[in-house]
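**Student:** Based on what follows, work out the 3D shape:
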Amino acid sequence: MLKINNQMEKNKKFKSGYVALLGKPNVGKSTLLNYFLQEKLSIVTEKPQTTRDVIRGIFTQGDYQIIFVDTPGMHKPRTQLGQHMMRSAVSAGVDADVVIVIIDALSGITAADGHIFRMIESRKVLKGCRWSAVLINKTDAIKKEDMLPLMKQCAGFPGFDEYIPVSAQTGENCGQVLDKIIKALPYGPSYYPKEQLTDKNERFIVAELIRESLLKLCREEVPHSVAVEVENFKDNPGRKTLIQATVFLERQAQKKIVIGRSGIMLKTIGTDARGEIEKFLGRPVYLELRVKTHVNWRKDVVFLRRLGYDKSL
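**Tutor:** Sure thing, here's the model as predicted:
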């Protein structure tokens, strides 16, 4: 009994909780997560729907632990993969202690944002959370006088505790947001070891870094059709870590684009990805990529499960 009481007393001095980052595709959720963690955990590109799965970033300091939940961009799903992405985002919001919705200051509040606000209201996402906010991101890219109308527009969607302009790129007002998150956290245990950065394993992060290079370097018709599977991940003491991965595409024409003439594009992708992987792992890597076609893989439930997406599909 004494041991239990001591643990309860300890929990009163330590705060912990989950923070859901919600919003439409490409508004800066992953950039904000990476800024808070001061580590590149979620891949970031200019292509919409870059994030496909929930990624938990763990930020632990002396007396608190924040589990940031980076969610896929909320959109109208057209495939089994899209449905998984939407379920993941909504579920993360419902279960969170803090809910943050991010909008893009450059585009303003769009019909897609309005749909998200209405969904949050209808699903009662804010009902159980301890603090909620709308962050107007990318303030570094607009004039200060254009911010006030946006703030008024945001206030038209009630239920949130605050509406805050931020820049995930420069960090403007991000410290203020972090302070408010910490204040809102409940007292509780440390859910993860203090040195752990994410709940995802190295294979997942490596596959994402390869996909990031593909998104950056390939044409518009390719990105949404790309999946990456790491098939071999072998550490060799005194030698380079061997990573063998397969890039899956939906059409033969896309395969030709990714490989490029005489294999030049695939080599460029591999070089770019290897550099990012070595930064993440902190050791030299030998990366081997191959490309395959899997027609309509985004609608193939069995294949999506194989890639590690929603087991309920």
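**Student:** Mark out where each domain of the chain begins and ends.
**Tutor:** What automatic domain parsing lists as the domains of the chain is 2-184, 202-306.
**Student:** what's the most buried one of those?
**Tutor:** The highest average neighbour count among the domains of the chain, using mean count of other C-beta atoms under 10 Å, belongs to domain 2-184 at a mean of 18. C-beta: built from backbone N, CA, C; applies to glycine.
**Student:** Strands along this protein, start to end?
**Tutor:** According to DSSP state E, the chain carries its strands in the segments 15-22, 55-61, 64-70, 98-104, 131-137, 162-165, 227-234, 241-249, 285-293.
**Student:** on that earlier part again, for Pro193, which of the domains of the chain is the nearest?
**Tutor:** Set against Pro193 and scored by C-beta to C-beta, those come closest in domain 2-184, at 8.2 Å.
**Student:** where's that closest one relative to the chain centroid, distance-wise?
**Tutor:** 10 Å (C-alpha atoms, centre = their mean, to the nearest Å).
**Student:** follow-up on the earlier one: would you format the strands of the chain as JSON lines with distance to Ala273 and mean pLDDT included?
**Tutor:** JSON lines is the format used below for the strands of the chain (distance: least, C-beta to C-beta, whole Å; pLDDT from 0 to 100):
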{"stretch": "strand 15-22", "distance to Ala273": "25", "mean pLDDT": "93"}
{"stretch": "strand 55-61", "distance to Ala273": "18", "mean pLDDT": "90"}
{"stretch": "strand 64-70", "distance to Ala273": "20", "mean pLDDT": "92"}
{"stretch": "strand 98-104", "distance to Ala273": "27", "mean pLDDT": "93"}
{"stretch": "strand 131-137", "distance to Ala273": "27", "mean pLDDT": "95"}
{"stretch": "strand 162-165", "distance to Ala273": "35", "mean pLDDT": "94"}
{"stretch": "strand 227-234", "distance to Ala273": "9", "mean pLDDT": "94"}
{"stretch": "strand 241-249", "distance to Ala273": "9", "mean pLDDT": "96"}
{"stretch": "strand 285-293", "distance to Ala273": "6", "mean pLDDT": "96"}
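**Student:** what residue ranges in the stretch 151-300 of the chain score low on pLDDT?
**Tutor:** Along the stretch 151-300 of the chain, segments meeting pLDDT under 70 span 219-221, 223.
**Student:** rerun that using 50 as the cut-off
**Tutor:** Along the stretch 151-300 of the chain, the model assigns pLDDT under 50 to no residue.
**Student:** What's the end-to-end length of stretch 234-254?
**Tutor:** In stretch 234-254, first residue to last residue: 29 Å (C-alpha to C-alpha, to the nearest Å).
**Student:** swap in stretch 153-160?
**Tutor:** 13 Å.
**Student:** List the contacts of that stretch.
**Tutor:** 101, 103, 108-109, 114, 117, 120-121, 126, 132-134, 136, 163 (C-beta atoms under 8 Å, 6 or more residues apart in numbering).
**Student:** swap the cut-off to 6 Å and go again
**Tutor:** Identification of contacts with stretch 153-160 by C-beta atoms under 6 Å, 6 or more residues apart in numbering yields Ile109, Phe117, Leu126, Ser132, Ala133, Val134, Tyr163.
**Student:** Please apply the same query to stretch 263-281.
**Tutor:** Stretch 263-281 is touched from outside by Val206, Leu209, Ile210, Ser213, Leu214, Leu217, Ile259, Val285, Leu287, Leu289, with contacts defined as C-beta under 6 Å, 6+ apart.
**Student:** Try it again at 8 Å.
**Tutor:** With C-beta under 8 Å, 6+ apart, stretch 263-281 has contacts from 40, 202, 205-206, 209-210, 212-214, 216-218, 241, 243, 257-260, 284-285, 287-289, 291.
**Student:** Not counting sequence-adjacent ones, nearest residue to Gln252?
**Tutor:** Leaving out its chain neighbours, the residue that sits closest to Gln252 by C-beta to C-beta, 6 or more residues apart in numbering is Thr293, at 5.5 Å.
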